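# pasted the sequence and its predicted model underneath.
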Amino acid sequence: MNPDNEVQLDPVDVVVVGAGFTGLAAALELAGQGRSVRVIERDPAVGGLAASFDVGSQRLERFYHHWFSSDNEMIALCETLGISHLLEAHETRTGLFYANSVYRLSAPLDVLRFAPLALKDRIRLGILALRARKVKHWRELESLTAEEWLVSLGGRRVYEVVWRPLLEGKFGKYADQVGATWMWTKLHLRGGSRTRSGRETLYYIKGGCQALLTALQEHLESMGVDIRTSTPAESVRIDGSGVTGVEANGEFHPARQVLITTAPQLAAQLLDHKSVDHPAVPELLRRWRGVEYLGNVCLVLENNRKLSETYWLNVNDPDFPYVGVIEHTNLDSPERYEGRHVVYLSKYLPTDAPLYQMSDDEVFEYSLPHIKRMFPDFDRSWVERYHVWHAEHAQPVITPHYTRVMPPVESGIRGLYLSGMAQVFPEDRGTNYAVRGGRRAGRLIADRHVSTGSDHV
């Protein structure tokens, strides 16, 4: 862009790049403290990975979502927006696909009936979860891989049957590098969402994430937040003293504070241009590019009948192309989707993997025989419609000593901040932590604004 010919908009205190839950939560915090905020988003709607599509007359997330009882940030956000009455609790069934069979794993007795393990190993598997929850702080595990820790808790056989296939299905070539902290968070979180009988209670919002996003966007706009969709950020402009604004969609958005809420690699692209002349940029680019990510392919089926009674089916079969089969309408009612039974099939993978590169039709055709093998009664005539969604940066790879890799929110360049899923450690990605991270970043930026006496450009 030629700065002499560009369109320059009115300045604001803060420009937020990205209108997912992190960016919107940051805007909520900043606007609540009296800052002028502009949010720019490349997609035509807000929401990021929680953005929705039509299933009949209902809106549904492209990538599956639910909340745990411990997801306090999301529950509090619903209260703030006056939509708590839309939250619904559901007891769900969890299972495991192993050796061409589906095993229920929703309660302690299910573990004792898990035939692929000898009785002594079933007991070890049950005790493993109890021992994992006794770990009080993630720092106790930061130097260990997930494999090292899980083998120490449950033995090698339990690891090989239950945990290794899940890690390899989720992280592929990175499986043996995944940190124990990532696994501890998963076990700790899911354990906290179970009743005394061991059944898991999850929450979903009537109307899906779109109901929450609509309420949040309307609330932000009523506070004066300027939200601009279909506005892809092109670069962050920096002078010798710090940030001056963001170039986006052929326009310049002046601001002395900029919060980027994308994956670090995408944030690095916004700084990698010739007009940036700041001594901190080379090291910042190195660090932001140092966080490894996996993409995601999600095949969503709209079926005319259900596949099973299980909501969340983990897959421990290396020949099955997906790591999870999530039958959403075993959580939410199919009547809300005009009787359709909605199923997500999810796979985390590098973006150069064959499955990621396939067309939507190819993904569907490739998946059919695998679904048939898992559910022998299934027939393609069950599928009324299907959708394929891709996310280039879906899952950061959490390794031992991840805190040495994790980018800080403050970049080292005056007025430039980064907040996203790569920084919710020790928790894993999720909307609850996106909101928490966004609000924390918003408070930090507001505090820096006051302490430095920042004015409009």
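Arrived safely. Numbering: from 1, shown residues only.
# CA atoms for contacts and neighbours, from now on please.
Noted.
# which one is residue 98 nearest to, not counting chain neighbours?
residue 316 (5.2 Å; CA to CA, 6 or more residues apart in numbering).
# now the one you found: how far from residue 177?
The gap separating residue 316 from residue 177 is 19 Å, by CA to CA, to the nearest Å.
# try residue 336
42 Å.
# returning to what we had before: Provide a list of residues in contact with the residue nearest to residue 98.
96-99, 161-162, 165-166, 169, 323 (CA atoms under 8 Å, 6 or more residues apart in numbering).
# kindly recompute the last result at 7 Å.
Residues counted as contacts of residue 316 (CA atoms under 7 Å, 6 or more residues apart in numbering) are 96-98, 162, 165-166.
# in helices, which of these appear?
The helices, defined by DSSP state H, take in 165-166 from the contacts of residue 316.
# in JSON lines: the contacts of residue 316, plus neighbour count, distance to residue 372 and pLDDT.
Output for the contacts of residue 316, formatted as JSON lines (neighbours: other CA atoms under 10 Å; distance: CA to CA, whole Å; pLDDT from 0 to 100):
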{"residue": "96", "neighbour count": "23", "distance to residue 372": "16", "pLDDT": "93"}
{"residue": "97", "neighbour count": "19", "distance to residue 372": "13", "pLDDT": "94"}
{"residue": "98", "neighbour count": "18", "distance to residue 372": "15", "pLDDT": "92"}
{"residue": "162", "neighbour count": "18", "distance to residue 372": "23", "pLDDT": "93"}
{"residue": "165", "neighbour count": "21", "distance to residue 372": "21", "pLDDT": "92"}
{"residue": "166", "neighbour count": "22", "distance to residue 372": "21", "pLDDT": "92"}
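# residue ranges with poor pLDDT in this protein?
Counting by pLDDT under 70, the chain shows low-confidence ranges at 1-5, 189-199, 449-457.
# for it, which strand is longest?
In the chain, with assignment by DSSP state E, the single longest strand is strand 383-396.
# for it, name the packing helices and strands.
strand 293-303 (3 or more CA pairs under 7 Å, 6 or more residues apart in numbering; DSSP states H and E).
# show me the contact partners of the helix or strand following the strand it packs on.
Next in sequence after strand 293-303, counting helices and strands by DSSP states H and E, comes strand 312-315. The contact list for strand 312-315 (CA under 7 Å, 6+ apart) reads 93-98, 166, 323-327.
# what sits against residue 323?
169-170, 314-315, 346-347.
# can you list the residues you listed in TSV and add neighbour count and distance to residue 82?
As requested, the contacts of residue 323 are arranged in TSV below (neighbours: other CA atoms under 10 Å; distance: CA to CA, whole Å):
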residue	neighbour count	distance to residue 82
169	25	39
170	23	36
314	23	35
315	26	38
346	21	32
347	23	35
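# now do the spatially closest residue to residue 99 that is not a sequence neighbour against residue 329, distance only.
Distances taken as CA to CA, 6+ apart put residue 317 closest to residue 99, at 6.8 Å, once the chain neighbours are dropped. To residue 329, residue 317 is 24 Å away according to CA to CA.
# ditto for residue 80
From residue 80 to residue 329 the distance is 28 Å (CA to CA).
# who has more neighbours out of these two?
residue 329 (20 against 12; other CA atoms under 10 Å).
# helix or strand: which one has residue 428?
Per DSSP H and E: residue 428 is located in neither a helix nor a strand.
# burial measure for it, as a count.
23.
# and the gap between the nearest residue to residue 52 once chain neighbours are set aside and residue 205?
Counting by CA to CA, 6+ apart, residue 52 lies nearest to residue 61, which is 4.1 Å off, once chain neighbours are set aside. Separation of residue 61 from residue 205 (CA to CA) stands at 12 Å.
# ok, the two, which is more surrounded?
Counting neighbours by other CA under 10 Å for residue 61 and for residue 205 shows that residue 205 has the greater number, 21 against 18.
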